[in-house]
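Participant: sequence plus predicted model, see below.
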Amino acid sequence: RSTPLYSSAASDVYKRQTLTEALLRTNSAYGLAIAALLQRDGLVPEAQFAIVCGAPVKQSKHLSPETILKRLNEAGLLEQVTVPSVGECVSLVQAPDYYQWRGDDIRARLITENLLLTSIRDWVRKLGIVSYEKVATREGDKPAMVGTFAWDLTAPSYLGFLTKRSKDGKPKPGFFVCDVYLGGRMTAEGVRPFINKCKTLRQLRNIAPCMQMYVAYQYTGEAFQLLKENGIIPATPANLFGEDVAQGLVQLTKVLREASSSAIDPFQFDELFKKFGKIEGAALQLRGTLFEYLAADIARKTISPQVRMNRIFKSPDGVKSAEADVLAVRDDTAVTFIECKGYSPYGEVPVKDMKRWLQHNAPVIYSAARAHSDWSRLAIHFELWTTAPLSVEAAEMFEVAKSTIKPERYTITVRLSDEILATCRLTKDGGLVKAFEKHFMKHNARDLPDRRPVDQHKGPD
């Protein structure tokens, strides 16, 4: 099979390709990890490497993802890189900066996959396949684990053919596990890591039976057959939810890719809200995503055309990291970092979010900015843009911080929906104004009032 060019000394390239092909032929744990990366154009977020590589997180006589990454790194085949808009990633070794311009495309796919996972969660809940409140996904605070493996989505199930009885007669649930990929066509090599997880899981003595499913847009004939032969459901968004939702997922990826560098098309987002509106949590998740792109567009037209999204910053000692949703550099005078909270207009910003922004994100990003060669002498501003009012505790915390932070270090500002709308109108972009009014102002937002705040990266709990 063909492999990406590594763009190094010719002999090094040849050695890497030869070793890679040998590992792929052996179907070893190392080969499976490389196959998973090749399926994903050579790159995955670091947090997802344990999911895609096919290895147990911790199991006797098995290599862990951490060990696989370490040894392939030592062999010069894998490396860890920071990709704009995505963050820390594991990748096949390539030329310097090879992945730096692909962050927006990768992030668009990951957001679409998260919406697909929300749809699958809604589907297994409504059909009664799983325990309603026990569904975990890869975007949760903890890894979604069953047995010794990490998955994109897991949940216990009390369906009769999955349930066993413990010694005291109590039912012991089985599980539903699922991984997803919404990139190109899934190949036989690309699906083998998932098959390895499923087969190894079945061999564990203390794990009840599992319903195992993979979801991709398309499969090669060999990949489809391999999944079926190994007792795994090879699903697609179309056969799970219908062509309308499947096309909506394709459209979402396209819209997000375009929105990262150009104006928001409110009509396209309206279509997406209609397609996903019946899926529990999807409208809230879309709102959070839309708001971040809206904020970037507003900043591009009112602060500076030099706007970037989702940049990861590390403290000078490398210990802490924080993400700036939107940053705008104004000439050589100032840099503004915007934290976006696209909540339901009927909700409120909890104190924990305010604390995180004030006590973690702002200090970490400030220290990184002061160490940045281009920004060290610029004025630094931090702004929290939110479409929901602050809770009483959050408002009090903000006022205390504002009175104690020295403005010569940096300033902090909170912009609520009315002020954001006024700024939006300054752009004289009718589509932008319409999108904000329709989805972020009270009495206009279409979904029912919901007081749960929704983080634009994680979606609803």
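Facilitator: Here it is on my side, so go on.
Participant: and residue 214, how far from residue 317?
Facilitator: Separation of residue 214 from residue 317 (C-beta to C-beta, to the nearest Å): 41 Å. Heads up, the C-betas are built off the backbone N, CA and C, glycines and all.
Participant: for residue 396, same thing?
Facilitator: For residue 396 relative to residue 317 (C-beta to C-beta), the value is 31 Å.
Participant: show me what counts as buried in the lengthiest helix in the chain.
Facilitator: Among the segments of the chain that qualify as a helix by DSSP state H, the longest is helix 103-126. Taking 16 or more other C-beta atoms under 10 Å as the neighbour-count basis, helix 103-126 is seen to contain the buried residues 103-122, 124-125.
Participant: make sure residue 393 is indeed in a strand.
Facilitator: No - judged by DSSP: H, G, I helix; E, B strand; the rest coil, residue 393 forms no part of a strand; its state is helix.
Participant: looking at the nearest residue to it once chain neighbours are set aside now. What's its pLDDT?
Facilitator: Computed as C-beta to C-beta, 6 or more residues apart in numbering, the closest residue to residue 393 that is not its neighbour in sequence is residue 351, at 3.9 Å. Residue-level confidence at residue 351 comes out at 95, pLDDT.
Participant: do residue 265 as well
Facilitator: Note for residue 265: predicted pLDDT of 75.
Participant: and it, what does it touch?
Facilitator: When the contact criterion is C-beta atoms under 8 Å, 6 or more residues apart in numbering, the partners of residue 265 are 255, 258-259, 431.
Participant: could those residues be laid out in a markdown table, adding distance to residue 180?
Facilitator: Converted to a markdown table, the contacts of residue 265 look like this (distance: C-beta to C-beta, whole Å):
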| residue | distance to residue 180 |
| --- | --- |
| 255 | 19 |
| 258 | 23 |
| 259 | 22 |
| 431 | 32 |
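Participant: pull out the buried positions in stretch 245-258.
Facilitator: 245-246, 248-249, 251-253, 255-256, 258.
Participant: what ranges of this protein fall below the confidence cut-off?
Facilitator: Residues of the chain meeting the criterion pLDDT under 70: 1-17, 20, 261-264, 443-461.
Participant: any idea which strand is longest in it?
Facilitator: What stands out as the longest strand in the chain, according to DSSP state E, is strand 321-330.
Participant: for the buried residues of stretch 245-258, which one is nearest residue 385?
Facilitator: Within the set of these, residue 256 lies nearest residue 385; the separation is 18.8 Å, counting by C-beta to C-beta.
Participant: that closest one sits in which helix or strand?
Facilitator: Secondary structure assignment for residue 256, by DSSP states H and E: helix 243-259.
Participant: same check on residue 382?
Facilitator: Applying DSSP H and E as the criterion places residue 382 in strand 379-386.
Participant: got the buried residues for that strand?
Facilitator: Neighbour counts using 16+ other C-beta under 10 Å place 380-386 of strand 379-386 among the buried residues.
Participant: and for stretch 165-184?
Facilitator: Here stretch 165-184 shows 173-183 as buried, counting by 16+ other C-beta under 10 Å.
Participant: excluding chain neighbours, what is closest to residue 40?
Facilitator: In space, and not counting its chain neighbours, residue 40 is closest to residue 183: 6.1 Å by C-beta to C-beta, 6+ apart.
Participant: roughly how far apart are the one you found and residue 152?
Facilitator: In terms of C-beta to C-beta, residue 183 sits 14 Å off from residue 152.
Participant: what's the answer for residue 87, then?
Facilitator: Distance from residue 87 to residue 152, counting by C-beta to C-beta: 18 Å.
Participant: and these two? which has more neighbours close in?
Facilitator: Neighbours were counted for residue 87 and for residue 152 using other C-beta atoms under 10 Å; residue 152 has more, 25 against 18.
Participant: which ones are touching the more buried one?
Facilitator: Here residue 152 is in contact with 51, 113, 117, 137-138, 144, 178-180 (C-beta under 8 Å, 6+ apart).
Participant: between which two of those residues is the distance greatest?
Facilitator: In the contacts of residue 152, the most distant members under the criterion C-beta to C-beta are 113 and 144, with 13.4 Å between them.
Participant: helices of the stretch 351-461 of the chain, residue ranges please.
Facilitator: Under the criterion DSSP state H, counting those that start in this stretch, the stretch 351-461 of the chain carries helices at the ranges 351-356, 362-370, 392-404, 417-426, 430-440.
Participant: in contact with the closest residue to residue 369 other than its chain neighbours, which residues?
Facilitator: Counting by C-beta to C-beta, 6+ apart, the nearest residue to residue 369 once its immediate chain neighbours are dropped is residue 375, at 4.7 Å. Remark: with contacts taken as C-beta under 8 Å, 6+ apart, residue 375 is in contact with 329, 335, 369.
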